[in-house]
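# Sequence and predicted structure, then a few things I'm wondering about:
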Amino acid sequence: MAGGKQSPRQKMINLMYLVFIAMLALNMSKEVLTAFGLIEESVSQNNTALNTRNRASLDALNLKALEQDKFKAVATKAKQINKISDELDSYIAAIKDSLMSSVEEGEEGNYEVQDKPDYLNDKFFQSDNLSPDGEKFIEMMENYRTDMIDALGQGYEPIKSELNIKFDTSEVPAERGNPDGPKQPYLNYHFEGYPLIASKTKMTQMQNDVRNIEAKALSEFLQGELESAVSVNSYQAIVIPEKTSFFNGERFKGRVVLGRYDNSTVPSEVIINGNKVTDIKEGQVMLDFPAGAVGERIIKGELKFMENGIEKTIPVESKYAVVPKPNSATISADKMNVVYRGVDNPMTVSFAGIPDNKVTVSGVGLVKSGVGYMMKPGAGREVIITATGILPDGTRVSDSKPFRIKNLPRPTGMVSGSYENVKKTRANLGISTVSAEFLDFDFKLTPQVTSFLFQVPGQPSTKVSGTRLNASAKGLLAKARRGDLVQVADIKATVPGVTLKSVSSVTIEITD
């Protein structure tokens with residue numbers, strides 16, 4: 001105040017002024033203590049939320065590790081990070097509990113009385129050195145920092161940098177803003193002489209740093225694997241044609257998509273066409289089953305995956321075509337496209353690359369017979385057979401081929417199965433059977449003889465009905481001499497529904 005002699009009144013005014021300043025200072029201190037307390041409450045609540053979130057992230061990683069192998073490594077690393085974080089967090093929590101034990105019961109929420117630094121001064125410091133508890137605190141911080149960096153492994157540089165900054169226990173400049181000034185030990189700088197509530201807030205903030213760093217690490221682990229999964233490097237271009245076969249002259253139609261497979265993405269169950277498939281290699285389901293009958297076939301099924309403990313199903317559906325196996329060449333004589341009139345001509349008709357159930361065949365006299373066709377031409381000299389097929393895209397294609405219609409060849413007459421150099425006694429010839437056959441003919445047709453003429457040299461011929469000599473013919477035979485050539489001529493025979501040309505004659509030498 002002003003110098004010189006002061007009156008009693010002035011001295012009283014000066015004293016009151018000093019008291020007033022002291023009261024202002026005291027009120028400010030209480031407000032600051034309360035502010036520290038409120039901050040500590042807020043940070044503590046945030047730590048609780050961080051703990052809950054970190055636990056959920058850890059559980060999610062563990063679940064994904066059970067579902068997909070690629071998450072196993074980061075899940076193991078996450079467990080280690082969580083363990084290291086828990087150790088320091090629990091250690092700091094124990095110190096805070098012991099710190100609050102120095103506060104009178106019932107005053108825990110009264111931050112204005114938590115202004116004494118005695119507890120931590122006695123706990124952390126011993127004369128000019130650190131106490132064993134103080135050294136333990138520094139050791140725990142350093143172990144946390146180094147163990148976390150080791151657990152993170154390669155990469156994660158931003159997190160490592162944060163660890164080195166926030167948990168650096170080296171000496172601190174005693175004067176803020178003067179980094180080149182005198183140094184002060186870390187613990188002295190941060191805790192010596194501070195009010196109890198300020199030290200508690202500082203420790204709660206350290207716990208917040210621990211949980212924040214843990215949260216960042218867990219997020220990086222999960223995000224890193226997800227980014228790897230969707231990286232362009234993990235995909236392959238896959239060409240998906242509109243159909244599995246194309247014809248000459250068609251336009252190729254299809255799609256190019258990005259697909260991904262790896263050892264870790266393995267379905268829990270695969271069902272294809274109603275059957276369980278267990279052959280899975282490098283994330284690929286290996287299919288091996290009979291192609292099936294000729295025609296369009298469908299592959300249908302589902303892939304089942306576990307995701308966050310819930311079974312997810314991906315449908316599988318595709319089509320493919322089965323065509324006849326090319327085990328023979330198509331070789332034909334251009335002049336031999338022949339069908340025979342009045343009889344069933346077996347025929348096989350197919351359309352290359354089109355299943356039989358998508359082919360229709362037409363022609364006069366043509367009918368379906370089992371797996372093939374039968375052609376029974378009638379009048380005329382030519383018949384045209386047309387085949388029409390339906391391609392997988394619905395397009396209709398047709399082709400046709402003409403066939404000449406011919407009568408059946410001339411049958412060969414026979415006596416007792418012989419037709420050349422036939423020699424018989426009169427007795428044998430009398431009981432012999434006259435027949436007719438198509439020699440060297442692919443169709444198995446058996447003509448039925450209905451009549452013939454029997455001729456003996458020097459005698460008039462006689463007509464015989466049936467296949468054996470009648471009485472009149474046997475009478476003529478009795479007049480034949482040894483060495484005579486008798487003849488079975490003008491043989492008439494039939495095939496059901498067909499008029500045959502006359503059958504060739506048979507000459508027989510009489511041997512007695």
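That came in fine, so what should we check first? Numbering: from 1, shown residues only.
# Restricting to C-alpha, output stretch 414-425 in CSV.
Extracted C-alpha coordinates of stretch 414-425, given in CSV (Å, rounded to 0.1, in the frame of the first residue of the first chain):
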residue,chain,number,x,y,z
MET,A,414,-34.2,-121.8,-103.1
VAL,A,415,-34.9,-125.5,-102.8
SER,A,416,-34.2,-126.9,-99.4
GLY,A,417,-32.0,-123.8,-98.8
SER,A,418,-29.9,-124.2,-102.0
TYR,A,419,-29.9,-122.2,-105.1
GLU,A,420,-26.7,-123.1,-107.1
ASN,A,421,-25.6,-126.5,-108.4
VAL,A,422,-28.6,-128.1,-106.8
LYS,A,423,-28.6,-132.0,-107.2
LYS,A,424,-31.3,-134.2,-105.8
THR,A,425,-32.9,-137.6,-106.2
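# Figure out how far that stretch is from the centre of its chain.
With CA atoms, centre = their mean, to the nearest Å as the basis, stretch 414-425 stands 76 Å off its chain's centre.
# Could you do stretch 280-300 as well?
Distance of stretch 280-300 from its chain centroid, counting by CA atoms, centre = their mean, is 11 Å.
# and it, what's its mean pLDDT?
Per-residue pLDDT over stretch 280-300 has a mean of 73.
# First residue to last residue on that stretch, what's the distance there?
Start and end residues of stretch 280-300 are separated by 17 Å (CA to CA, to the nearest Å).
# Next, residue 199: secondary structure please.
At residue 199, secondary structure determined by DSSP: H, G, I helix; E, B strand; the rest coil is helix.
# now it: how far from residue 158?
From residue 199 across to residue 158, the span is 29 Å (CB to CB, to the nearest Å). C-beta here means a position set from N, CA and C on the backbone, and glycine is covered the same way.
# Repeat that for residue 419.
108 Å.
# Neighbour count: these two, which is higher?
Neighbour totals were compared for residue 419 and residue 158, and residue 419 leads with 19 against 10 (other CB atoms under 10 Å).
# what residues are up against the more buried one?
Residues in contact with residue 419 (CB atoms under 8 Å, 6 or more residues apart in numbering) are 412-413, 504, 506.
# farthest pair in those?
Among the contacts of residue 419, the pair separated by the greatest distance (CB to CB) is 412 and 506, at 8.6 Å.
# okay, those two: which has more neighbours?
With neighbours defined as other CB under 10 Å, residue 412 and residue 506 compare such that residue 506 has more, 24 against 20.
# Residue 417 is in contact with that one, correct?
No: the criterion here is CB atoms under 8 Å, and residue 506 misses it with residue 417 at 10.8 Å.
# Only the buried residues of stretch 139-146, if you could.
By 16 or more other CB atoms under 10 Å, the buried positions in stretch 139-146 come out as 140-141, 144-145.
# Looking at these, which are in helices?
Counting by DSSP state H, the part of the buried residues of stretch 139-146 found in helices is 140-141, 144-145.
# tell me which of these is nearest to residue 290?
Nearest member of those to residue 290, counting by CB to CB, is residue 144, at 63.2 Å.
# What pLDDT does the model give that closest one?
Here the pLDDT value assigned to residue 144 is 96.
# before we move on, what about residue 272?
pLDDT, residue 272: 78.
# Which stretches in the stretch 401-512 of the chain count as helices?
For the stretch 401-512 of the chain, helices defined by DSSP state H, counting those that start in this stretch occupy the ranges 426-430, 471-479.
# And for residue 449, the neighbour number?
23.
# With residue 168 instead?
13.
# quick check, it in a helix?
No: counting by three-state DSSP, one finds residue 168 to be coil, located in no helix.
# who touches it in this structure?
145, 186 are the contacts of residue 168 under CB under 8 Å, 6+ apart.
# measure residue 130 to residue 99 for me?
17 Å.
# Could you do residue 502 as well?
Taking CB to CB, one finds residue 502 at 133 Å from residue 99.
# Same question for residue 385.
In terms of CB to CB, residue 385 sits 104 Å off from residue 99.
# So which of the two has more stuff around it?
More neighbours surround residue 385 than the other of residue 385 and residue 99, with 21 against 18 (other CB under 10 Å).
# sorry, back to before: distance to residue 350 added to the buried residues of stretch 139-146, as CSV?
Formatted as CSV, the buried residues of stretch 139-146 follow (distance: CB to CB, whole Å):
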residue, distance to residue 350
140, 85
141, 85
144, 80
145, 80
